[in-house]
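Enquirer: pasting the structure only:
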């Protein structure tokens, strides 16, 4: 510190002037008014109307009413029934033995005259449809080589051709009515046979060929050969 005289504190503070004023108060609120409640225009309806209760007296004082007493259900079975087998009863049906009754037929007598039928008339004839037959040729696989050679040889001899090159085979027809063939016509898939109405046919084999030079058909009939021989 430096030495010397100290200046008093009060001498260094200057006086401060303070201006104090009172602020004006807010205006007073208006007084509160009491308003009457509005008038209700409708009224509520009761949920249920009033019930009139009348106490009835018993005309007969001797009758006494007792409250109902409910007891619990108990499943009770007698001990004697436990060891027995229940029996189910049903209606009994008995069929009696049938009785055969014999009835005597009344005797009838015919007093009418005997009827004699006339002797039937027998007419011999053949329908026209049986005289026109269409047959198909036997497949070559079902004809044996020996039987086919015999058929071709007989056809060549019947034709009178100079060589076999002038003859073409139409087909071999088996099981035809031999001895009754009146005419032969070549059709699609076979031949058409016209039979004679007075002949007595027999099973035969019909061999049909055609001449290349003239275009005419050549036929020859051979006796029927059993199947065992034809397949050899």
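Expert: Here it is on my side, so go on. Only a predicted model underlies this, so the values are computations on that prediction, with no experimental measurement involved.
Enquirer: Any stretches of this structure with poor pLDDT?
Expert: The chain contains residues with pLDDT under 70 at 1-30, 42-46, 54-61, 63, 65, 73-88, 110, 126, 226-232.
Enquirer: can you map out the helices along it?
Expert: 145-159, 227-230 (DSSP state H).
Enquirer: Need the winner for burial among those.
Expert: helix 145-159 (a mean of 16; mean count of other C-beta atoms under 10 Å). Heads up, the C-betas are built off the backbone N, CA and C, glycines and all.
Enquirer: That one packs against which elements?
Expert: strand 167-178, strand 202-211, strand 217-223 (3 or more C-beta pairs under 8 Å, 6 or more residues apart in numbering; DSSP states H and E).
Enquirer: These into a markdown table, with extra columns for distance to residue 132?
Expert: As requested, these are exported to a markdown table (distance: least, C-beta to C-beta, whole Å):
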| stretch | distance to residue 132 |
| --- | --- |
| strand 167-178 | 12 |
| strand 202-211 | 15 |
| strand 217-223 | 17 |
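Enquirer: Looking at the helices of the chain, which is nearest to residue 114?
Expert: With C-beta to C-beta as the measure, helix 227-230 is the member of those nearest residue 114 (55.3 Å).
Enquirer: re earlier: out of the helices of the chain, flag the one nearest residue 48.
Expert: Of those, nearest to residue 48 by C-beta to C-beta is helix 227-230, at 115.6 Å.
Enquirer: Tabulate the helices and strands packed on helix 145-159 (JSON lines), appending distance to residue 116 and mean neighbour count.
Expert: Formatted as JSON lines, those follow (distance: least, C-beta to C-beta, whole Å; neighbours: other C-beta atoms under 10 Å):
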{"stretch": "strand 167-178", "distance to residue 116": "41", "mean neighbour count": "19"}
{"stretch": "strand 202-211", "distance to residue 116": "41", "mean neighbour count": "19"}
{"stretch": "strand 217-223", "distance to residue 116": "49", "mean neighbour count": "17"}
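Enquirer: Residue 184 is nearest to which of those strands?
Expert: Per C-beta to C-beta, nearest to residue 184 of the helices and strands packed on helix 145-159: strand 217-223, 5.2 Å.
Enquirer: which non-adjacent residue is nearest residue 194?
Expert: In space, residue 194 comes closest to residue 183 once its chain neighbours are excluded; the distance is 4.3 Å by C-beta to C-beta, 6 or more residues apart in numbering.
Enquirer: how deep is the one you found tucked in, by neighbour count?
Expert: 12 (other C-beta atoms under 10 Å).
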